[in-house]
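K.L.:
The following comprises the amino acid sequence and a computationally predicted model.
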Amino acid sequence: EVQLVESGGGLVQPGGSLRLSCAASGFTFSSYAMSWVRQAPGKGLEWVSAINSGGGSTSYADSVKGRFTISKDNAKKTVYLQMTGLNPDDSAIYYCNAARGDNDYWGQGTQVTVSS
């Protein structure tokens, strides 16, 4: 059974940091590109960041560039999103996604709330 389980969300003050994790199982993690996607209340899905299967190539939305860092540990079958300089606009449910060819898997999401 394919599973993606996000964790690490929570309430943080503006300017703070969080590290999200997404633990994978049930598929060949090392062969998949991974992404983080978020959805703010009342808004659509917004792509945040992606990393290739080997972990050597990353990309970021302009809104998070310079503040967020994506990484992938194929031995631990986990992808991370280190978030710094958080602001209220970053408040959303964060989902991880695994994609390879026609295969596309999603986690259940973790809530991030940035508020004073």
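P.N.:
Received, thanks.
K.L.:
rest of the way, CA atoms for contacts and neighbours
P.N.:
Will do.
K.L.:
any idea which element the residue most central in space within the chain lies in?
P.N.:
Centroid-nearest residue in the chain: Trp36, 3.1 Å away (criterion: CA atoms, centre = their mean). Using DSSP states H and E, Trp36 sits in strand 33-39.
K.L.:
can you pull the contacts of the residue nearest to Gly109 when sequence neighbours are not counted?
P.N.:
For Gly109, ignoring the flanking residues on the chain, the nearest one in space by CA to CA, 6 or more residues apart in numbering is Tyr95 at 4.4 Å. Counting by CA atoms under 8 Å, 6 or more residues apart in numbering, Tyr95 touches Glu6, Trp36, Val37, Arg38, Trp106, Gly107, Gln108, Gly109, Thr110.
K.L.:
Out of these, the closest to Gln13 would be?
P.N.:
The closest of these to Gln13 turns out to be Thr110 (CA to CA; 16.8 Å).
K.L.:
Ser71 is in contact with Ser53, correct?
P.N.:
No. Judged on CA atoms under 8 Å, Ser53 makes no contact with Ser71 at a distance of 10.6 Å.
K.L.:
which residues are in contact with the strand holding Trp36?
P.N.:
45-54, 79, 81, 92-100.
K.L.:
Report the distance from it to the chain centre.
P.N.:
On the basis of CA atoms, centre = their mean, to the nearest Å, strand 33-39 is displaced by 5 Å from the centre of the chain it belongs to.
K.L.:
With stretch 3-21 instead?
P.N.:
On CA atoms, centre = their mean, the centre of stretch 3-21 falls 9 Å from the chain's centre.
K.L.:
Span of that stretch from start to end?
P.N.:
Stretch 3-21 stretches 13 Å from its first residue to its last (CA to CA, to the nearest Å).
K.L.:
Can you flag the buried ones in the contacts of strand 33-39?
P.N.:
Among the contacts of strand 33-39, those classed as buried by 16 or more other CA atoms under 10 Å are 48-53, 79, 81, 92-99.
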